[in-house]
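Student: Could you look at this predicted model? Sequence included:
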Amino acid sequence: MKIKRILKHLIVPSWRLRRAFSAETLKSIEQAIAASEAQHTAEIRFAVESALDTDALLHGQSAQARALDVFSNLRVWDTEANNGVLIYLLLADQDVEIVSDRAAHAKIGTDAWRTICSMMEVSFKHGNFEAGVLLGIEAVTQHLIMHFPRHDLSILEPNELSNAPTVLHARSDLKRTF
């Protein structure tokens, strides 16, 4: 158990998430996801969490394990073509994880996702949260266009997953967000 990490998660102020992800920023992210999905047949979700709750920290839950939980709880795996993608940010750690469903993972793979995560994390370390997320969505979009192109751009398929970002707050909202 890493005491420094636990303390960082326990003392992260709630205003930090609101400052990094204002209503305008969340709207920009939602619009970027909608624009992305107009170009391919996959589905993208973005979720940001301020910090892990105490129980998760004491059990040493990693950002990757938490991203898998969020992927499941948001039902990103539940798309008809099995090509849903979750971009997850754990703000306290400034750690980004991308989790994709079977079809997307088989065609794109871990290395491509890891490269995008690293690129986003560099932006976050400089305090550029909106730019980092939008850059990540654009990079994910390029992979999805290549592997899941929308052949007739005039026909919009039904949106299987919400484009609105999911904001998770440690401790108080964690259990009731889903």
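Tutor: Received the coordinates, thanks. In this text, all values refer to a predicted model and were calculated from it rather than measured experimentally.
Student: what's the helix with the most length in the chain in contact with?
Tutor: Across the chain, the helix with the greatest residue count (assigned by DSSP state H) is helix 102-125. Contacts of helix 102-125 from elsewhere in the structure, counted by Cβ atoms under 8 Å, 6 or more residues apart in numbering, are 42, 81-85, 87, 89, 94-98, 100, 129, 131-133, 135-136, 139-140, 143-144, 147-148. (C-beta placed from N, C-alpha, C; glycine too.)
Student: one more time with 6 Å, if that's ok
Tutor: 81-83, 85, 94, 96, 98, 131-132, 136, 139, 143, 147 (Cβ atoms under 6 Å, 6 or more residues apart in numbering).
Student: so what's the residue nearest in space to the middle of the chain closest to, chain neighbours aside?
Tutor: By Cα atoms, centre = their mean, the chain has its centre lying nearest to residue 87, at 2.1 Å. Spatially, and ignoring its direct neighbours in sequence, residue 87 is nearest to residue 46 (4.8 Å; Cβ to Cβ, 6 or more residues apart in numbering).
Student: sorry, back to before: enumerate the positions of the longest helix of the chain that are buried.
Tutor: When neighbours are counted by 16 or more other Cβ atoms under 10 Å, the buried residues of helix 102-125 are found to be 103-105, 107-108, 112-113, 116-117, 120-121, 123-124.
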